[in-house]
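Q: Provided below are the primary sequence and the corresponding predicted coordinates.
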Amino acid sequence: MRIIIYTMLLLLMAIQYPLWLGKGGWLRVYEMERQLELQQAKNSLLSLRNAKLTGDVKDLKDGTRAIEERARVEHGMIKEGEFFVQILPATKLTDTNSKQTSAQ
């Protein structure tokens, strides 16, 4: 009778092995679900980035406002009849003034 019980337990453990550690086992499924969640989070960030880039492309194609803004910021361009005024931070002015007074 003991031989039958031990044989049955051995067969039960042999059947359980693929369920837990096999190719489609629980551990593999858990790991795949975790990878799926990470990829979905990455995809959502990339879709937001794509939406922003799509909006930028649409603005550049349709309107002149985005083109003017980029020309001003990136290339320092101004329109005809406008004046460029640069305001320096106060810390740089005080540094310059102190250097001039110490030189005199």
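A: Okay, I see it. Numbers count the residues shown, from 1 in each chain.

Q: tally of neighbours for residue 67?
A: As a burial measure, residue 67 scores 12 neighbours (other CB atoms under 10 Å). From N, CA and C alone the C-beta is placed, and that goes for glycine too.

Q: and for it, nearest residue in space, chain neighbours not counted?
A: residue 60 (6.2 Å; CB to CB, 6 or more residues apart in numbering).

Q: pull out the buried positions in the host helix or strand of residue 58.
A: Using DSSP states H and E, residue 58 sits in helix 26-62. By neighbour count on 16 or more other CB atoms under 10 Å, the buried set for helix 26-62 is empty.

Q: these two touch, right, residue 78 and residue 68?
A: No. Contact criterion CB atoms under 8 Å: residue 78 and residue 68 do not qualify, at 10.0 Å.

Q: quickly find the element holding the nearest residue to residue 59 once chain neighbours are set aside.
A: Once flanking residues are discounted, residue 59 sits nearest to residue 66: 3.8 Å by CB to CB, 6+ apart. Using DSSP H and E, residue 66 sits in helix 65-75.

Q: only C-alpha atoms, please: export that helix in CSV.
A: C-alpha atoms of helix 65-75 as CSV (Å, rounded to 0.1, in the frame of the first residue of the first chain):
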residue,chain,number,x,y,z
ARG,A,65,3.1,81.7,-34.9
ALA,A,66,5.2,78.6,-34.1
ILE,A,67,7.7,79.4,-36.8
GLU,A,68,8.1,82.9,-35.5
GLU,A,69,8.6,81.7,-32.0
ARG,A,70,11.3,79.2,-33.0
ALA,A,71,13.0,81.9,-35.1
ARG,A,72,13.1,84.3,-32.2
VAL,A,73,14.2,81.8,-29.5
GLU,A,74,16.6,79.6,-31.4
HIS,A,75,18.1,82.1,-33.9
